[in-house]
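Enquirer: mind looking at a prediction? Sequence and model below.
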Amino acid sequence: MGLPRRRHSVLPGFGLTMGYTLLYLSLIVLIPLTALFVKTAGLTAGEFWATVSNPRVVASYKLTFGTSLIAASINAVFGLIVAWTLVRYRFPGQRLVDAMVDLPFALPTAVSGIALTAIYAGNGWIGQYLEPLGIKVMLVEPSGFRTDWAGRSANASKRQIDDYAATAGAVRSQLRAISGKQSGDPVRAAHAIVKAIKSRNPPHHLLLGNDAYDAATAKLEELRKEFSAWEAVARGADFPKE
């Protein structure tokens with residue numbers, strides 16, 4: 001009597017990948033969510049209601065859920081159309097469209113922020129239609145702030161690679177050295193952003209901190225000197241005045 005054959009899974013490695021997925025989900029979502037409920041459970045009913053009914057908190061609810069609802073509604077229609085088209089049909093430029101769908105996941109936030117600001121600015125492709133409706137986009141350009149991002153919250157590998165010591169290693173050491181010594185105050189920065197948002201004429205670019213302001217003005221001064229040096233050439237491109 002022969003031994004029963006072992007049935008192979010249709011998806012090899014399913015158990016390992018599922019375990020990794022659950023572990024990742026627990027670390028990123030479930031554990032922080034549980035901590036949130038545990039922290040909330042320590043509040044009294046009055047403290048809880050005072051927190052969730054704060055006008056700023058209520059405004060954040062409206063903004064978050066309202067924006068999410070609009071985005072989800074748009075994605076439900078156009079996302080389905082794009083996904084159906086990419087899966088069911090073959091057409092010229094398909095790889096390009098597929099790459100454009102994945103681009104937001106790979107694009108650095110700073111680059112995407114600058115690009116979106118250029119598009120939604122008052123003279124941008126979309127901003128020129130939004131500004132008459134009172135909708136404006138503001139790009140925040142901060143200095144260094146004491147958020148402990150490069151301090152205790154930064155997890156560094158214990159293994160050091162000598163080939164990267166002069167590049168990535170030097171940058172990491174520099175970030176560690178200045179952590180906790182930045183001149184920027186996160187609370188003051190938050191107040192500055194709220195003040196700019198509530199103003200009747202918010203700026204397209206909001207500089208936060210002395211370092212950001214000095215760097216921006218230095219760049220403007222550099223451009224001014226370059227423009228002045230080539231002023232005669234620039235003005236000489238017009239027809240002679242009669």
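Expert: Here it is on my side, so go on.

Enquirer: what's the weakest-modelled helix or strand in the protein?
Expert: For the chain, using mean pLDDT, DSSP states H and E, the weakest element among its helices and strands is helix 109-120, scoring a mean of 68.

Enquirer: next SSE after it?
Expert: Next helix or strand after helix 109-120 toward the C-terminus (DSSP states H and E): helix 127-130.

Enquirer: what is the mean pLDDT for the helix or strand that that following helix is followed by?
Expert: Downstream of helix 127-130, the next assigned helix or strand under DSSP H and E is strand 139-142. The average pLDDT within strand 139-142 is 84.

Enquirer: adjacent strands (with direction) for strand 139-142?
Expert: Neighbouring strands of strand 139-142 in its sheet, by DSSP bridges, are strand 205-208 (parallel).

Enquirer: centre of the chain to the strand it pairs with, how far?
Expert: 16 Å (C-alpha atoms, centre = their mean, to the nearest Å).

Enquirer: quick check: mean pLDDT across the next helix or strand after that strand?
Expert: Per DSSP H and E, the first helix or strand lying C-terminal to strand 205-208 is helix 210-229. The pLDDT scores in helix 210-229 average 91.

Enquirer: for the helix or strand that comes right after helix 210-229, C-alpha coordinates in CSV please.
Expert: Remark: after helix 210-229, the chain's next helix or strand is helix 231-235, criterion DSSP H and E. Provided in CSV are the C-alpha atoms of helix 231-235 (Å, rounded to 0.1, in the frame of the first residue of the first chain):
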residue,chain,number,x,y,z
GLU,A,231,20.5,92.6,-18.0
ALA,A,232,22.0,94.3,-21.1
VAL,A,233,21.8,91.0,-23.1
ALA,A,234,18.2,90.4,-21.9
ARG,A,235,17.0,93.9,-22.8
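
Enquirer: residues contacting helix 231-235, please?
Expert: The contact list for helix 231-235 (C-beta atoms under 8 Å, 6 or more residues apart in numbering) reads Phe227. Placement of C-beta: from N, CA and C, glycine included.

Enquirer: and the closest residue to Val140 other than its chain neighbours, how close does it get to Ser60?
Expert: What sits nearest to Val140 in space, not counting adjacent residues and going by C-beta to C-beta, 6 or more residues apart in numbering, is Leu206, at 5.0 Å. Leu206 sits 19 Å away from Ser60, going by C-beta to C-beta, to the nearest Å.
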